[in-house]
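J.: turn this into a model:
(one chain, ligands or ions: 1)
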Amino acid sequence: MLGPRQEAQSALFYDFSIEDHVPRDHVLRAIDGVIDLSGIRQHLSEFYSTTGRPSVDPELMMRMLLVGYIMGIRSERRLGDEVHLNLAYRWFCKLDLTDPIPDHSTFSKNRHGRFRDSDVLRHVFEIVVAQCIDAGLASGQRYAADASIIAADANRQQSTPKADWNPEAIDPNEAPRAVREYLETLDNAAFGTASPVTPKFISHSDPASQWTGARGGPAYFSYSTNYLIDTDNAVILDVEATRSIRQAEVGAVKTMIDRVQKVHNLMPERLIADTAYGSGPMLDWLVEKRGIAPHIPVIDKSGRKDGTFERADFTFDAENDLYICPGGNELKQYRRAYKTPRSGANKDETIRYRARKSDCDACALKERCIPKEPQRKVTRSIYETSRDVARGLSQTEQYAISRKLRKKVEMSFAHLKRIHGLGRLRLRGPCGAHDEFILAATAQNLKKLAKLAPNPIRTRTAV
Ligand code: SF4
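T.: Numbering: from 1, shown residues only. Here you go, the predicted model:
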């Protein structure tokens, strides 16, 4: 039977509760059951004036921002529209049907002002990490680290080749915010001083972003988000924004390990990472300075392709500080005793061990060792002891397990881009990248916490 036509009509009075219309299994309801933003007001209180118009509740702004990053809504203008229309979003933000939605400009004003001054985004991130640790989701025994390149909001057309770039010619008073941030981070190890090499192009709108062709395709401007995760449940223990170059990313891992120890009192037994983190100084920092087992492939360029003996064919005698060559002769750093002991390290942080020319001249293996040189030299990194520790670990069963665990950090990046929509940054400058990365990581941890350590579903009698 054909029913009556639906006519537009509005009732005079409604008996309506948003609570009843949010599905029991909605992700925001689960997150609402675990999130604790009660300390935000106190954290921010000193950044608000005691006079003037009352502000928008900072907890409301934080809840709205989290809705954006949890549901992959990147634009704050669109976020306002979505919260206005979507009952579940309204419910999560504790807004009634008739409550006004804060204007999108409120977010940028607070973000550039008191949110950054108070570092409230990191404060919220650390609260959520602490909750994950308390819930037993992260034991802090095994860490995995990696970086992922995220495109910056900058394009090649608005850029300058490095030969024409002169940061000293920029007037900070005239420059836009992202350019001022670039000038402020010129001495920062994660940005300006990460590498002495100037990139091929520098963006006008976001000069701190890195021109990179790391993905093999066309080059573009980008930042890197660096994650330090606990491999138990892939909880993100720390996140850091850097330029997209290896030196900055390696430095970020050191920063994050020390910060997690300071904030959460955790120090891992091992760090799992890929070859990019396998340089001598990094391995030495882990082994000697922090006592962490590096489950990391060693960067080793001592191999040879022409069939001649490589360094691995020489045996190191640590007690006497010399190498024994395949012909049974000694390669030494010095053959005479100096009054003042010398470090012997070269600028490239290696020590050179040389064979005697007379030994090589008389050697039957010379063609396989040095067909074109008068005598053999072997270099040894000053970090070789730590590199040997990493090489030794790479032969263990635990290392094979670590290789599989490393995939968890790659999965976190895949979720970040596909589910949370962070394929390209919306905000510019190092601070913009920091804000976006930290909010996205908070959203990822909240989803994990709600899924793996759920509290009883919270219902509200009044919103
Ligand atoms: S050539 Fe020299 S270094 Fe090489 S195996 Fe012979 S003696 Fe040793």
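
J.: list the contacts of residue 199.
T.: Each residue near residue 199 by C-beta atoms under 8 Å, 6 or more residues apart in numbering is listed here: 162, 210-212. For the C-beta atoms, the positions are set from N, CA and C on the backbone; glycine is no exception.

J.: secondary structure class of the nearest residue to residue 291 once chain neighbours are set aside, three-state.
T.: Leaving aside its sequence neighbours, residue 291 sits nearest to residue 267 (C-beta to C-beta, 6 or more residues apart in numbering; 7.8 Å). Under DSSP: H, G, I helix; E, B strand; the rest coil, the three-state class of residue 267 is coil.

J.: residue 267 against residue 286, yeah?
T.: No - between residue 267 and residue 286 there is no contact under C-beta atoms under 8 Å: 11.2 Å.

J.: neighbours of residue 400, just the number please.
T.: The local packing of residue 400 (other C-beta atoms under 10 Å) involves 11 other residues.

J.: got the residues of the stretch 101-250 of the chain near the ligand?
T.: For the stretch 101-250 of the chain, no residue is in contact with the ligand (C-beta under 6 Å from any ligand atom).

J.: which regions of the stretch 101-250 of the chain sit below the pLDDT cut-off?
T.: Scanning the stretch 101-250 of the chain for pLDDT under 70 picks out 215.

J.: who are the contact partners of whichever residue of it sits closest to the ligand?
T.: Nearest to the ligand in the stretch 101-250 of the chain, going by C-beta to the nearest ligand atom, is residue 246, at a distance of 33.8 Å. With C-beta under 8 Å, 6+ apart as the criterion, the residues that contact residue 246 are residue 276.

J.: what's the average pLDDT for stretch 326-341?
T.: Stretch 326-341 carries an average pLDDT of 84.

J.: if we can go back for a sec, who has more neighbours out of residue 267 and residue 286?
T.: Using other C-beta under 10 Å as the criterion, residue 267 and residue 286 rank with residue 286 on top: 26 against 15.

J.: one step back: and the residue nearest to residue 291, how far from residue 311?
T.: As judged by C-beta to C-beta, to the nearest Å, residue 267 and residue 311 stand 33 Å apart.

J.: again with residue 453
T.: Plainly put, residue 453 is 50 Å away from residue 311 if you go by C-beta to C-beta.

J.: for residue 398, same thing?
T.: From residue 398 across to residue 311, the span is 26 Å (C-beta to C-beta).

J.: so for the two, which sits in the more crowded spot?
T.: For residue 398 and residue 311, the more surrounded residue by other C-beta under 10 Å is residue 311, and the numbers stand at 17 against 13.

J.: okay, the closest residue in space to residue 287 that isn't next to it in sequence: pLDDT?
T.: The shortest distance from residue 287 to any non-neighbouring residue, by C-beta to C-beta, 6+ apart, is to residue 386 (4.1 Å). pLDDT, residue 386: 95.
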